[in-house]
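> quick check, what structure comes out for this input:
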Amino acid sequence: MKPGDALPPLVLPITRTLIVAGAIASRDYQDVHHDAELAREKGSPDIFMNILTTNGLVGRYVTDCLGPRAVLRKVAIRLGAPNHPGDTMTLTGTVTAVDGDTAEVRIVGANRLGNHVTGTVTVTVEVPR
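Predicted coordinates:
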């Protein structure tokens, strides 16, 4: 792994079930994550994914790409365009720095509206002894 290396993209269909299950799993009971009618009353076209679900998907993406010895050390993300049911989000990553067994990966998750998530993940890939 070296700076400039690209992680393979991960294409994720954004389903109503994924959005609701992620909100429930993270104990985020805000109505905009599970009630379409109330989400529309608040100005959204439908329910939308919460940041904790996005954070989990980003972590999954990096550890799936780097293997079972990858350990997340820091995840710093920012949300942009919402993920709604029926969207497809494509996660991409680029290694921006490497120091020994620790790397920083720049992450972008984009959907039809633009970038849903951007940020960096610091990960250690432990070397077997």
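> for the lengthiest helix in the chain, buried residues please.
If each helix of the chain is counted by residues according to DSSP state H, the longest one is helix 51-66. Residues of helix 51-66 classed as buried by neighbour count (16 or more other CB atoms under 10 Å): 53-55, 57-59, 61-63, 65-66. For glycine as for every other residue, the C-beta is placed from the backbone atoms N, C-alpha and C.
> OK, contacts around the most centrally placed residue in the chain?
In the chain, the residue lying closest to the centroid (CA atoms, centre = their mean) is V58, at 3.1 Å. Residues near V58 by CB atoms under 8 Å, 6 or more residues apart in numbering: 75, 77, 91, 107, 109, 117, 119, 121.
> what confidence value was assigned to it?
With respect to pLDDT, V58 has a value of 98.
> from D101, how far out is it?
V58 sits 20 Å away from D101, taking CB to CB, to the nearest Å as the criterion.
> again, but for E41
As it turns out, when the distance is counted by CB to CB, E41 lies 50 Å from D101.
> count the residues that sit near M1.
Each residue near M1 was counted by other CB atoms under 10 Å, and the total is 12.
> nope, I24 is what I meant
Per other CB under 10 Å, the neighbour tally for I24 reads 13.
> got it, and L91?
Should you count by other CB under 10 Å, L91 turns out to have 24 residues around it.
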